[in-house]
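Asker: Sequence and predicted structure below; questions after.
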Amino acid sequence: QVQLVESGGGLVQAGGSLRLPCAASGRTFSSFAMGWFRQAPGKEREFVAGISKSGGRTSYADSVKGRFTISRDNAKNTVYLHMNSLKPEDTAVYYCAGKETYYSGTAYRSGYDYWGQGTQVTVSS
């Protein structure tokens, strides 16, 4: 088991920035590929970004490419989502996810096993 706790959400104006940390505990963090998902009201949860367990490979949804960056610090057991140039359509609950994997060079877009409780991000126009 791994426990994931997101933080850093809040209200921000369009064009602004936020950084979402997700702290992991309970298992060896470097064994997990990590990802971020989001769910807006009335919509299904969608993939935002993924990072390999080594940190060397990333993957992004087209809607956030060039604006969001995923990173990880294995020494701190934390994965981050850096969000720039935020838009009102980025408003959602953001979830951190983990997937235990043998492969060090794969960033996954689906198939995650562990989820955090979510943090609300609201972007005002």
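Answerer: In hand now; what should we look at?
Asker: In contact with the most centrally placed residue in the chain, which residues are there?
Answerer: Centroid-nearest residue in the chain, with C-alpha atoms, centre = their mean: W36, separated by 2.4 Å. By C-beta atoms under 8 Å, 6 or more residues apart in numbering, W36 lies in contact with L20, C22, V48, A49, G50, I70, V79, L81, Y94, Y95, C96, A97. For every residue, glycine as well, the C-beta is placed using N, CA and C.
Asker: Who wins on neighbours among the residues you listed?
Answerer: Counting neighbours by other C-beta atoms under 10 Å, V79 comes out on top of these with 30 neighbours.
Asker: For that one, give me its contacts.
Answerer: Taking C-beta under 8 Å, 6+ apart as the test, what V79 contacts is P21, C22, A24, M34, W36, I51, I70, S71, R72, D73, C96.
Asker: pLDDT score assigned to the second one?
Answerer: In the predicted model, C22 carries a pLDDT score of 98.
Asker: which residues touch the helix or strand that it is a member of?
Answerer: For C22, the host element (DSSP states H and E) is strand 18-25. For strand 18-25, the surrounding residues in contact (C-beta under 8 Å, 6+ apart) are 2-10, 12, 32, 34, 36, 76-83, 86, 94, 96, 98, 116, 119, 121.
Asker: give the contact list for F47.
Answerer: Here F47 is in contact with G35, F37, A61, R109, S110 (criterion: C-beta under 8 Å, 6+ apart).
Asker: Could you identify the most distant pair in those?
Answerer: Distance extremes for these: the farthest pair is A61 and S110 at 11.7 Å, using C-beta to C-beta.
Asker: Give me the more crowded residue out of these two.
Answerer: Just comparing A61 and S110: by other C-beta under 10 Å the higher neighbour count belongs to A61, 16 against 10.
Asker: returning to that earlier point: now the contacts of F47 in CSV, with secondary structure and pLDDT?
Answerer: Output for the contacts of F47, formatted as CSV (DSSP: H, G, I helix; E, B strand; the rest coil; pLDDT from 0 to 100):
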residue, secondary structure, pLDDT
G35, strand, 98
F37, strand, 98
A61, coil, 98
R109, coil, 97
S110, coil, 96
